[in-house]
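1. okay, here's the prediction I keep looking at, along with the sequence it came from:
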Amino acid sequence: AYFSMRGVTFEERCSAAAAAGFDGIGYNGAEYLKLRSEGWTDDNFRAILDKYGVRILELEALRLLDDDASRDFEHIARAFGAERIQVIAPFSGNIDIDLNVAGKWSGDLARRTEDADVHYAIEFLPPTRIPDIATAQKARAIAAHPNVGVCGDTWHVYRGAGAPSLADLDFARVKNVQVDDGTMKPVDPEYIPDCIHNRELLGDGEFPLVDFFRATPPNAPNSRPPR
């Protein structure tokens, strides 16, 4: 995932992923646009990807109802063959979104990029208007397109509605699973800074990840780190 590595160049990211045995990386739309503004072309990205034999598989994070950003993400996905785009609600709790509008917007995106087989994973984050699995699945259902699904992140499960909420998750509609570790009680009282800065490597935190994996079907996408 993009945020697994911070403060590194694109080449360092690709090199590290290849050395660890990954065939692809997650990437960030904002960083792509920053490098383009500094003179990079898509061919510069492709040269480095080809050098290390990796692909851009996933993009994050597209905010719901941001039409301008959706076009940028569409370009990146088409240019590099990205398989999925992670979609989030705005972080600020006072920014309201209509779930019906958000769901239909996601469905429209999927139809627009259907020819490229781009999939959209709606992520639930507790401090947003899509705080839990149930709400994310409602938005997915409203989208009414098979290329729209849900992103499941262990952080937002255990810091949100908890393990019991997994019983309601339809893994057939999950587009990606993000696995990380952390303390059960927040280190920082502010959810987003805590989420960004205080995650732990698997096994170094307190999340009951073994229970998570037991609840996760073996064929769930990205559900397990490589052996």
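-> The structure has been received and is ready for your questions. Residues are numbered from 1 along each chain as shown.
2. low-confidence ranges in the chain?
-> Residue ranges of the chain with pLDDT under 70: 92-94, 221-227.
3. please repeat the previous calculation with a cut-off of 50.
-> Along the chain, segments meeting pLDDT under 50 span 223-227.
4. any idea which helix or strand carries the residue lying closest to residue 73 once chain neighbours are set aside?
-> Closest residue in space to residue 73, ignoring its immediate chain neighbours: residue 62 at 4.9 Å, by C-beta to C-beta, 6 or more residues apart in numbering. Just so you know, the C-beta spots here come from the backbone N, C-alpha and C atoms, and that holds for glycine as well. Taking DSSP states H and E as the criterion, residue 62 maps to strand 55-63.
5. pull out the buried residues from that strand.
-> Across strand 55-63, burial judged by 16 or more other C-beta atoms under 10 Å covers 55-63.
6. repeat that for stretch 124-141.
-> Quick answer for stretch 124-141 (16+ other C-beta under 10 Å): 124-133, 135-140.
7. tell me which of the residues you listed fall in helices.
-> Mapping these onto helices (DSSP state H) picks out 133, 135-140.
8. closest one of these to residue 16?
-> residue 136 (30.4 Å; C-beta to C-beta).
9. how near is residue 25 to residue 15?
-> When distance is defined by C-beta to C-beta, to the nearest Å, residue 25 is 10 Å away from residue 15.
10. higher neighbour count, those two?
-> Neighbour comparison, residue 25 and residue 15: the larger count goes to residue 25, with 22 against 16 (by other C-beta atoms under 10 Å).
11. nearest residue to the more buried one in space, please, no chain neighbours.
-> Nearest to residue 25 is residue 17, by C-beta to C-beta, 6+ apart, at 4.9 Å.
12. ok, then the element right after the helix or strand hosting the one you found?
-> Applying DSSP H and E as the criterion places residue 17 in helix 10-19. Downstream of helix 10-19, the first helix or strand assigned by DSSP H and E is strand 24-28.
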